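Q: using only what follows, build the 3D model:
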Amino acid sequence: MCSVEELALHLFDAGAVRLGDIEAKQGRRTPVYFDLRVVVSHPTVMLATVKHLQKMASEINHDILCGVPYAAMPLAAVMSVNANTPMVMKRKEAKNYATKKLLEGVFQKNQNCLVIEDVVTSGGSLLETVDALRAEGLVVTHALVVLDREQGGASVLKANGVEVKALFTMTNLIKLLRDAGKITNNTVEIISDHIRICQFGSIG
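A: Reported below is the predicted structural model:
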């Protein structure tokens, strides 16, 4: 298994880290955008990411997995197969025909569900999935994320009974990329300032 430092470089080289004045969710601007969707085209990078997530998951009691749609679903699927752990899928919207389910898969009430997410910023998308799982009687106490942008989302989730464990924090990631010569000190300062200024104290 590659190191966390090596994985950061692999993710950067795969195009998962985009720099510039980028429009993010809900029209917000950001100097850095983490797009984990690209790893579906890089199986080696995906597998390396999954191995690190699985190591973290092994320390958390869970019966099933659920990836937040859509970016984290491939990660959760590979984790499910590798660890022989059942998985459920949350739909963006409930089907308007047949079973009309919002949650797909086989599960039982009171099972512990570990949620997998690519990025947490405000925490809104992750909490939406947590609420849907809890509404079906599943117990959710932990979530694994590849990147915590350190903009308040983890605190929002903690206030709602979910402990977030991250493979990378934004501070850690940009330091690793700077030390490897992938980004400049000026870029690090711009991103650090953005993190400090743009904080979310509630879901947004």
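Q: can you show me the strands along the chain?
A: 17-23, 29-34, 64-67, 87-90, 103-104, 113-120, 142-148, 163-169 (DSSP state E).
Q: mean pLDDT, distance to Val156 and mean neighbour count added to those strands, as TSV?
A: C-beta: built from backbone N, CA, C; applies to glycine. Output for the strands of the chain, formatted as TSV (pLDDT from 0 to 100; distance: least, Cβ to Cβ, whole Å; neighbours: other Cβ atoms under 10 Å):
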stretch	mean pLDDT	distance to Val156	mean neighbour count
strand 17-23	88	22	13
strand 29-34	92	18	17
strand 64-67	98	19	25
strand 87-90	96	19	20
strand 103-104	93	22	16
strand 113-120	98	9	26
strand 142-148	98	12	25
strand 163-169	98	9	18
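Q: now distance to Gln54 too, for these, in CSV please.
A: Formatted as CSV, the strands of the chain follow (distance: least, Cβ to Cβ, whole Å):
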stretch, distance to Gln54
strand 17-23, 22
strand 29-34, 20
strand 64-67, 10
strand 87-90, 13
strand 103-104, 22
strand 113-120, 10
strand 142-148, 9
strand 163-169, 11
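Q: can you say which of these is nearest to Thr49?
A: The minimum distance between Thr49 and the strands of the chain falls on strand 142-148, with 6.3 Å, by Cβ to Cβ.
Q: okay, now the sheet partners of that closest one, with direction.
A: Neighbouring strands of strand 142-148 in its sheet, by DSSP bridges, are strand 113-120 (parallel), strand 163-169 (parallel).
Q: tell me which of the strands of the chain lies nearest to Arg134.
A: Arg134 lies closest to strand 113-120 among the strands of the chain, at 8.8 Å (Cβ to Cβ).
Q: ok so, going back, could I get the strands paired with strand 142-148 as CSV with distance to Leu177?
A: Formatted as CSV, these follow (distance: least, Cβ to Cβ, whole Å):
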stretch, distance to Leu177
strand 113-120, 16
strand 163-169, 10
